[in-house]
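*Asks:* Need a 3D model of the following:
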Amino acid sequence: MQNPNITILTTEILSDNWYTLNKVTYSIEKKDGTKETQSREAYDRGNGAVILLYNKLTGKVILTRQFRLPTFINGNTTGMLIEACAGLLDNDHPEECIKRETEEETGYKISKVEKIFEAYMSPGSVTEILHFFTAEYSAEMKIADGGGLEEEGENIEVLELPFEQALSMVATGEIMDAKTIMLLQHLRIKGIL
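*Replies:* As a prediction, the model looks like this:
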């Protein structure tokens with residue numbers, strides 16, 4: 001359903017070097033009935049999916065560690081970030097995307113995933129909707145080392161951590177990735193681990 005109070009006036013591409021940064025000018029009708037013209041920038045990188053693998057028997061989770069430039073230039077002295085496995089949909093169905101990303105990044109081949117919710121992660125500036133999943137894993141599902149795709153410039157370290165340790169790493173600031181924190185909290189709230 002379209003919002004009758006919003007009219008897009010112009011969309012200007014500011015950059016399409018990696019993804020697309022648009023400047024959008026629009027008219028908005030305020031509560032008092034007056035109209036105002038505003039401009040905002042919106043970064044369109046496509047939609048994505050994220051998954052947290054967990055093992056009920058061992059009480060462990062699978063996370064990844066990789067360099068993230070935006071965190072490096074905003075105070076993360078190493079630029080390394082511990083995260084749940086994630087990737088862009090690239091026109092795939094979210095479930096198929098996350099199964100592929102799981103195998104590429106972690107080396108685990110999973111067949112059954114549970115979608116738990118969708119969320120906008122930075123709605124003030126980024127268009128992305130992220131599809132959140134969880135799945136159980138076991139040692140038998142490990143078919144490769146993981147680490148991501150070399151042709152995509154990925155250099156990912158796979159971490160298998162006790163769930164309680166991962167939760168404490170949120171409190172200490174060792175895990176600062178929002179999607180990962182949300183998934184760890186989901187497992188705690190649902191009593192899965």
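
*Asks:* which residues of the protein fall in helices?
*Replies:* 69-72, 94-106, 163-172, 178-190 (DSSP state H).

*Asks:* pLDDT score for Thr71?
*Replies:* The score at Thr71 is 96. That number is its pLDDT.

*Asks:* list the contacts for it?
*Replies:* Residues near Thr71 by CB atoms under 8 Å, 6 or more residues apart in numbering: 79, 81, 176. Using the backbone N, CA and C atoms, a C-beta is placed for each residue, glycine as well.

*Asks:* Would you mind giving the residues you listed as JSON lines with pLDDT and distance to Gln66 added?
*Replies:* Listed next are the contacts of Thr71 as JSON lines, based on pLDDT from 0 to 100; distance: CB to CB, whole Å:
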{"residue": "Gly79", "pLDDT": "96", "distance to Gln66": "9"}
{"residue": "Leu81", "pLDDT": "97", "distance to Gln66": "7"}
{"residue": "Met176", "pLDDT": "97", "distance to Gln66": "13"}
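
*Asks:* Restricted to buried residues, select the residues you listed in ChimeraX.
*Replies:* Only the buried entries of the contacts of Thr71 go into this ChimeraX selection, using 16 or more other CB atoms under 10 Å:
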select :81,176
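
*Asks:* so which of the contacts of Thr71 would you say is closest to Lys30?
*Replies:* Met176 (36.4 Å; CB to CB).

*Asks:* correct me, but the closest one touches Leu81?
*Replies:* Yes. Met176 lies in contact with Leu81 (CB atoms under 8 Å); the separation is 6.9 Å.

*Asks:* Out of the contacts of Thr71, which is nearest to Glu157?
*Replies:* Distances from Glu157 to the contacts of Thr71, taken by CB to CB, are shortest for Leu81, at 10.9 Å.

*Asks:* correct me, but the closest one touches Gln66?
*Replies:* Yes. Between Leu81 and Gln66 there is a contact under CB under 8 Å: 6.6 Å.
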